[in-house]
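> Next one to model:
(one chain, ligands or ions: 1)
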Amino acid sequence: MSEPIITSAAGRRGHLPIMPDTCVRELQVVAGNVVVDCTAGGGGHLERFAEAVGDGGTVIGIDRDERAFQDDAAGGVAKRHGHVKLVRRPFSELEAAIHEAGAATVDVVFADLGVSSFQLDEGERGFSFRHNAPLDMRMDRRSGETAAELIARLDEEALANIIYLYGDERQSRRIAKSLKWHAPQTTEALKSAVVSATGPARGKIHPATKTFQALRIAVNGELDELQALLTALPRVLVRGGRAGFLTFHSLEDRLVKRVFKGAGFFQTTKKPLIADDGELDDNPRARSAKLRVAVFDPERVDQRKKRYQRDASLDGDDGDDGDDGDDGDAQEEE
Ligand SMILES: C[S@@+](CC[C@H](N)C(=O)[O-])C[C@H]1O[C@@H](n2cnc3c(N)ncnc32)[C@H](O)[C@@H]1O
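Numbers count the residues shown, from 1 in each chain. Sure, this is the predicted structure:
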């Protein structure tokens, strides 16, 4: 479940998009569409969407990290394609971002969650323990608490809960105690504080990997951001529009799955899609990626409800059919 922090081949070559062909195909991106890529980042998916919609379409790229706007990332894609518009906002401000780009509703919403290779590989950001740097980890450095400030503010129990929940780290209490004691200000100090609680690495994965991941998720409010984005989908998608999410953490996938099994959404595949072996060899970041795609069609749900209401009234019951939102069309059964 934890996303390994690695300086990948992808990182050295820039950010390789994950399952780009599958994303374009499953999202049925076609000429003339309006697509929002909520995580423009290195511009990998963004460029694929730009090519698929053509000059007659529009791609809105959202990112809260200024790094994405540079020429070697999404910024370069916007320079190459006049129909790509970039907006610097968190994706919890989806509607405002869409309006800022001059649109009202969209055909496709996509997000590739987590951290980009740029963010990991640029040591001074504090995302990776492979580089010594101030313990920052903010995707948007204009506001919010750094990881060092978060550690200082939280009490030991709250810190342990974050490390346990977001890092799936069984030694969370020992680690939290050590972090409060050492009050690390750099990635190197954080690494040492974790190792002093857990002991040195035994396998390939460094003992601080899960703690780094947990702090990053907390610092950037990643799950709240995702929930806000998911909640906004029915307000921005056209009828028959599609939403796709690449997740790297079971908590993220659970939030997506819950919405995609709910009213108005119909998943396109029973199981989440994963990268094939060839891609895994080229791009280690793809290892823990899961892609879920759903069609948004509120009318279809309305008809279903009408059917249930009619059946209920024939049965003479009160219309509460106990349906939990899983209508049989939403095929996910995990
Ligand atoms: C995994 S990268 C996306 C990579 C991109 N799909 C590509 O192929 O190059 C995730 C990007 O989303 C951005 N991001 C993450 N959470 C965000 C949020 N809540 N709001 C806006 N941008 C966010 C990060 O700053 C990062 O640039």
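> Go ahead and confirm D71 touches R80.
No - under the criterion of C-beta atoms under 8 Å, D71 makes no contact with R80, lying 9.7 Å away. Glycine gets a C-beta too; all of them are placed from N, C-alpha and C.
> now stretch 154-171: mean pLDDT?
Average pLDDT, stretch 154-171: 97.
> buried stuff in that stretch?
For stretch 154-171, burial by neighbour count (16 or more other C-beta atoms under 10 Å) applies to 154, 159-164, 166-169, 171.
> do stretch 258-278 as well
259-262, 264-268, 272-275.
> ok, now stretch 87-105?
Residues of stretch 87-105 classed as buried under the neighbour-count rule (16+ other C-beta under 10 Å) are 87-94, 97-98, 101.
> Kindly report the same for stretch 142-154.
In stretch 142-154, counting by 16+ other C-beta under 10 Å, buried: 144-148, 150-151, 154.
> measure it end to end?
21 Å (C-alpha to C-alpha, to the nearest Å).
> Could you do stretch 266-273 as well?
One end of stretch 266-273 sits 15 Å from the other (C-alpha to C-alpha).
> next one: it to chain centre, how far?
17 Å (C-alpha atoms, centre = their mean, to the nearest Å).
> Give me the mean pLDDT for it.
pLDDT averaged over stretch 266-273 gives 94.
> need the residues of this structure near the ligand, please.
With C-beta under 6 Å from any ligand atom as the criterion, the chain meets the ligand at residues 15, 17, 39, 41-45, 62-65, 68, 90-91, 112, 114, 116, 139, 225.
> so where do the helices sit in the stretch 151-300 of the chain?
Ranges of helices within the stretch 151-300 of the chain are 156-167, 172-182, 187-198, 209-219, 222-236, 250-260, 277-282, 298-315, based on DSSP state H, counting those that start in this stretch.
> any idea which of these is most buried?
helix 209-219 (a mean of 25; mean count of other C-beta atoms under 10 Å).
> For the one residue in the stretch 151-300 of the chain that gets nearest to the ligand, which residues are in contact?
Distances between the stretch 151-300 of the chain and the ligand by C-beta to the nearest ligand atom are smallest at E225, namely 3.6 Å. By C-beta atoms under 8 Å, 6 or more residues apart in numbering, the residues touching E225 are 90-92.
> again, only this time at 10 Å
38, 64, 90-93, 111, 113, 139, 217 (C-beta atoms under 10 Å, 6 or more residues apart in numbering).
> Pop out the phi and psi values for the nearest residue to L246 once chain neighbours are set aside.
Closest residue to L246 apart from its sequence neighbours, by C-beta to C-beta, 6 or more residues apart in numbering: D112 at 4.3 Å. In terms of degrees, to the nearest 10, the main-chain angles of D112 are phi -110, psi 100.
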